[in-house]
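Colleague: Sequence and computational prediction follow.
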Amino acid sequence: MSAAPPTPAFLPGSYKTDLKPVWCAGCGDFGVLTALYRAMAELQLVPWNTAVVSGIGCSSRLPGYVETYGFNTVHGRALPLAMGVAVSRPDVKVIAVGGDGDGLAIGGNHFMHSARRNLDVTYLLMDNEIYGLTKGQAAPTTPTGDKTKTTHYGNPEPSVDPCELAISFGATWVGRAFSGDLKGTVELIVKALQHRGFAFLNVMSPCVTWRGDDQFKALKAKQRPLPEDHDRTSRQAAIGYTRETEFVTTGVLYEVHGPSFLDRLNAVKASALAGKSAPTVADVIGTFLPSF
Ligand SMILES: Cc1ncc(C[n+]2csc(CCOP(=O)(O)OP(=O)(O)O)c2C)c(N)n1
Ligand code: SF4
């Protein structure tokens, strides 16, 4: 008789804290939290070697609900803090989370440069196309023409596609998920966490209070998976799935491998210790470790 499989050390419930989420009933952020618990359990992430970092917003409350080290920082500043943790404690898995306002408006500069640096951070953007916590103002991802608390006659501004921005600035892993699709979101968070370097997952996460039930229904109706033959190493192919209006295509849009920020810093350290004035490109590439 074969032996029973060993019980995993961490179950999804192991990552729950005593805090009860205060999100509105039906908020998409519940789906992201559940998916994160499951993904962490699948990878057996060790709580005391994991840090979840956020800015300010409804979505940014998430670190309080995850049994790891956590920071609920300042609006728009999740990524600078995540960078500090990542470079000072390379042994810690760093996960940054937050809303579209937090990450693309006030924190937009940090988002771009984290992607450019290929920072060793997994970034989960919980995109509800609105400022939720502050009661429904238009955000950078609010579609043009949509009525919000601050755009009574329809949003006159063009919106930004977070995945397009991440790819343009050099992120090495970019995916899109929908929090109403739990299984798909778990799979994508697992893949994002396994990537070495900046992994950006834009999770469409409905705000039932300020965008109404329609947002959930519209996203569900528009969701479709990437075709099997999608070339995820092609920027052009990936960009083709951004700024979509008819569909919300979910999956890994883009994935390439290259030196991460820590790899580059390690190359600088090695050069300095060897008495060289600066690392050569070969020094940096030589330290490159492929993603597992
Ligand atoms: C420096 C600063 N500016 C503005 C605010 C007010 N503020 C708090 S949360 C927020 C936006 C929240 O929207 P988002 O980041 O999209 O997250 P959500 O609440 O939708 O999850 C704003 C403008 C703040 N707390 N600090
Ligand atoms: S206001 Fe919107 S984003 Fe905030 S908890 Fe409620 S449903 Fe979620």
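Modeller: Received the coordinates, thanks. Numbers count the residues shown, from 1 in each chain. Ligands and ions are numbered 1, 2, ... in the order given.

Colleague: Quick check: residues of the chain near ligand 2?
Modeller: Within the chain, the positions adjacent to ligand 2 are Trp23, Cys24, Cys27, Asp29, Cys58, Asn128, Gly132, Leu133, Cys207, Val208, Thr209, Trp210 by CB under 6 Å from any ligand atom. Glycine gets a C-beta too; all of them are placed from N, C-alpha and C.

Colleague: okay, those in a markdown table with pLDDT, secondary structure and neighbour count next?
Modeller: Below are these laid out as a markdown table (pLDDT from 0 to 100; DSSP: H, G, I helix; E, B strand; the rest coil; neighbours: other CB atoms under 10 Å):
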| residue | pLDDT | secondary structure | neighbour count |
| --- | --- | --- | --- |
| Trp23 | 98 | coil | 20 |
| Cys24 | 98 | coil | 14 |
| Cys27 | 98 | coil | 24 |
| Asp29 | 98 | helix | 27 |
| Cys58 | 98 | coil | 27 |
| Asn128 | 98 | coil | 29 |
| Gly132 | 98 | coil | 29 |
| Leu133 | 98 | coil | 18 |
| Cys207 | 98 | coil | 27 |
| Val208 | 97 | coil | 18 |
| Thr209 | 98 | coil | 17 |
| Trp210 | 97 | coil | 21 |
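
Colleague: tell me which of these is nearest to Ile239?
Modeller: Taking CB to CB as the measure, Asn128 is the one of the residues of the chain next to ligand 2 closest to Ile239, at 23.2 Å.

Colleague: one step back: from the residues of the chain next to ligand 2, which two are the most distant?
Modeller: The most widely separated members of the residues of the chain next to ligand 2 are Leu133 and Val208, with 14.1 Å between them, by CB to CB.

Colleague: so Ala237 touches His230, yeah?
Modeller: Yes - counting by CB atoms under 8 Å, His230 is a contact partner of Ala237 at 6.2 Å.

Colleague: how many other residues sit next to Leu182?
Modeller: A total of 16 residues lie near Leu182 under the criterion other CB atoms under 10 Å.

Colleague: now do the one 10 residues further on
Modeller: By the other CB under 10 Å criterion, the neighbourhood of Ala192 contains 23 residues.

Colleague: Distance check, it against Ser205.
Modeller: Ala192 is 15 Å from Ser205, where distance means CB to CB, to the nearest Å.

Colleague: can you check Tyr153 too?
Modeller: As defined by CB to CB, Tyr153 lies at a distance of 26 Å from Ser205.

Colleague: Can you add distance to Phe10 and give the residues of the chain next to ligand 2 back as a markdown table?
Modeller: Conversion of these to a markdown table gives the following (distance: CB to CB, whole Å):
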| residue | distance to Phe10 |
| --- | --- |
| Trp23 | 24 |
| Cys24 | 29 |
| Cys27 | 25 |
| Asp29 | 22 |
| Cys58 | 26 |
| Asn128 | 29 |
| Gly132 | 30 |
| Leu133 | 30 |
| Cys207 | 30 |
| Val208 | 31 |
| Thr209 | 33 |
| Trp210 | 35 |
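
Colleague: Which positions in the protein make contact with ligand 1?
Modeller: Counting by CB under 6 Å from any ligand atom, the chain comes close to ligand 1 at 56-59, 75, 98-102, 106, 126, 128, 130-134, 139.
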